[in-house]
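Engineer: structure, please.
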Amino acid sequence: MHMSIKIGIVGATGYTGVELLRLLAQHPEAEIITVTSRSTAGTTLSDYFPSLRGIYDHLIFQHPDQADLSKCDLVFFATPNGVAMHEAPLLLTQGIKVIDLSADYRIKDVAVWQKWYPFTHASPEWITKAVYGLAELNRTAITQAQLVANPGCYPTCVSLPLLPLLQQQCLIHDMPLIADCKSGVSGAGRKANTGNLFAECSDNFKAYGISGHRHLPEIRQTLNLLQPSSGNSLVFVPHLTPLIRGMHATIYIQVKEGCNPYQLIADYYQSSPFVDVMPAGSAPETRSVRGANLCRISIQPAPQNNTWIILSVIDNLVKGAAGQAVQNMNIMFGFDEKSGLNLIPLLP
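Structural biologist: You can find the predicted model right below:
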């Protein structure tokens, strides 16, 4: 039985917003009825995004204050941090489902959240009800969720390969767990920022957020949930690469005797449509997932005893943001999980 759901997107002018529009255009059950934007209210969507001409020719950006989202079955928040926490509760009390692509509901401990984000949380009562939208971990809870906190891109790339190892208590206690990560520039969003200028980041490579990045407490939370205190041994260093899309995590782990990380990860993801565990010895590259809702993972032993190297790649805008959000939508509404997401990566 095909039932179309009515969808609103708040903050649809950013990279995750336009990516949502691209993915949902191919979704058989999705009908986008409202798109909002403060900066481009009154502009026709296809004029603002020429890539969507012929697809959304009748949609016009509405100012959030004027937009009527009450007719929606689901609203995506593709907004900067600090917006959904004010605007989502009104929709939630009307029974509308919400998927928030920002960080407003990801961190369960409000004090921790406020340490990393410069706001006082406006709706802490919804944090406890929000389900963290890492589908490969929380699929069952997402089916019942009204509010899904879509994970960040680094947390997705780092957490996915670690889930099976943590569930089996495979990591050696108190040994450093090192996640050395690289991201494309689109991960910084679609705002003017000197560091993201072409002349600044092209032909250049640098680490940032070394003393602490907002995604650190989020990754920690997932690790600690599965293997208590494992998150405390996490060393996470992000780097900016001169790519538009793409994210690569190189993770160094110390495993207990008798643990075969390759087998554990391969078995865990055997029937997961969006996680590809590659043959032993291979090394995934970011362009092998560009434009697709895929995480490709490779695991190999290091020469040192008990040390293994995990390589994990995603497209930060798809599996790291909008694709994962559509995957969560599919689970929430009982659609085929792959619906609208049968995307083949672009090459070259």
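Engineer: tell me where the protein has strands.
Structural biologist: Secondary structure of the chain (DSSP state E): strands at 5-10, 30-36, 61-62, 74-77, 97-100, 131-132, 147-149, 177-183, 206-207, 234-240, 247-254, 275-277, 295-301, 307-314.
Engineer: now distance to Y268 and mean neighbour count too, for those, in a markdown table please.
Structural biologist: Glycine gets a C-beta too; all of them are placed from N, C-alpha and C. Formatted as a markdown table, these follow (distance: least, CB to CB, whole Å; neighbours: other CB atoms under 10 Å):
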| stretch | distance to Y268 | mean neighbour count |
| --- | --- | --- |
| strand 5-10 | 30 | 24 |
| strand 30-36 | 29 | 21 |
| strand 61-62 | 42 | 21 |
| strand 74-77 | 28 | 27 |
| strand 97-100 | 24 | 26 |
| strand 131-132 | 18 | 22 |
| strand 147-149 | 22 | 27 |
| strand 177-183 | 18 | 22 |
| strand 206-207 | 30 | 12 |
| strand 234-240 | 20 | 18 |
| strand 247-254 | 15 | 22 |
| strand 275-277 | 8 | 21 |
| strand 295-301 | 10 | 22 |
| strand 307-314 | 13 | 22 |
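Engineer: could I get these as CSV with mean pLDDT?
Structural biologist: Below are the strands of the chain laid out as CSV (pLDDT from 0 to 100):
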stretch, mean pLDDT
strand 5-10, 98
strand 30-36, 97
strand 61-62, 97
strand 74-77, 98
strand 97-100, 98
strand 131-132, 98
strand 147-149, 98
strand 177-183, 98
strand 206-207, 96
strand 234-240, 97
strand 247-254, 98
strand 275-277, 98
strand 295-301, 97
strand 307-314, 98
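Engineer: shouldn't W126 be in contact with Y105?
Structural biologist: Yes - in this structure, W126 is within contact of Y105 by CB atoms under 8 Å, at 6.3 Å.
Engineer: ok, back up a step: could you dump the strands of the chain into JSON lines and include distance to H121?
Structural biologist: As requested, the strands of the chain are arranged in JSON lines below (distance: least, CB to CB, whole Å):
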{"stretch": "strand 5-10", "distance to H121": "18"}
{"stretch": "strand 30-36", "distance to H121": "22"}
{"stretch": "strand 61-62", "distance to H121": "27"}
{"stretch": "strand 74-77", "distance to H121": "15"}
{"stretch": "strand 97-100", "distance to H121": "13"}
{"stretch": "strand 131-132", "distance to H121": "16"}
{"stretch": "strand 147-149", "distance to H121": "13"}
{"stretch": "strand 177-183", "distance to H121": "26"}
{"stretch": "strand 206-207", "distance to H121": "29"}
{"stretch": "strand 234-240", "distance to H121": "23"}
{"stretch": "strand 247-254", "distance to H121": "27"}
{"stretch": "strand 275-277", "distance to H121": "32"}
{"stretch": "strand 295-301", "distance to H121": "30"}
{"stretch": "strand 307-314", "distance to H121": "28"}
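Engineer: common neighbours of W126 and Y105, please.
Structural biologist: M85, A88, L147 (CB atoms under 8 Å, 6 or more residues apart in numbering).
Engineer: of those, which is the nearest to T286?
Structural biologist: L147 (31.0 Å; CB to CB).
Engineer: now for the residue nearest to the closest one when sequence neighbours are not counted: which residues touch it?
Structural biologist: Excluding the flanking residues, the one nearest L147 by CB to CB, 6 or more residues apart in numbering is A130, at 4.5 Å. Residues in contact with A130 (CB under 8 Å, 6+ apart) are D100, Y105, R106, A145, L147, V148, A149.
Engineer: measure the residue nearest to T241 when sequence neighbours are not counted to I314 for me?
Structural biologist: Of all residues not flanking T241 in the chain, K182 sits nearest, at 4.8 Å (CB to CB, 6+ apart). Note on K182: its distance to I314, by CB to CB, to the nearest Å, is 11 Å.
Engineer: return every residue with contacts to both of these two.
Structural biologist: G246, M247.
Engineer: so where is this protein shaky, pLDDT-wise?
Structural biologist: Scanning the chain with the threshold set as pLDDT under 70 gives 1-2.
Engineer: switch to 80 and redo it
Structural biologist: 1-3 (pLDDT under 80).
Engineer: that one: helices as residue ranges?
Structural biologist: Using DSSP state H, the helices assigned to the chain run over residues 15-24, 45-48, 84-93, 110-116, 124-127, 135-144, 153-167, 198-201, 215-226, 261-268, 323-332.
Engineer: mind checking these for the one nearest to K338?
Structural biologist: Taking those one by one with CB to CB, helix 323-332 is closest: 7.6 Å.
Engineer: between strand 30-36 and the closest one, find me the angle.
Structural biologist: 120 degrees (axes from the mean of the first three to the mean of the last three CA atoms, to 10 degrees).
Engineer: P151 against E136, yeah?
Structural biologist: No - in this structure P151 lies outside contact range of E136 using CB under 8 Å: 10.4 Å.
Engineer: ok, the residue lying closest to L24 once chain neighbours are set aside to S230 distance?
Structural biologist: Spatial nearest neighbour of L24, excluding adjacent residues (CB to CB, 6+ apart): A30 at 4.5 Å. To S230, A30 is 38 Å away according to CB to CB.
Engineer: do the same with Q26
Structural biologist: Counting by CB to CB, the gap from Q26 to S230 is 38 Å.
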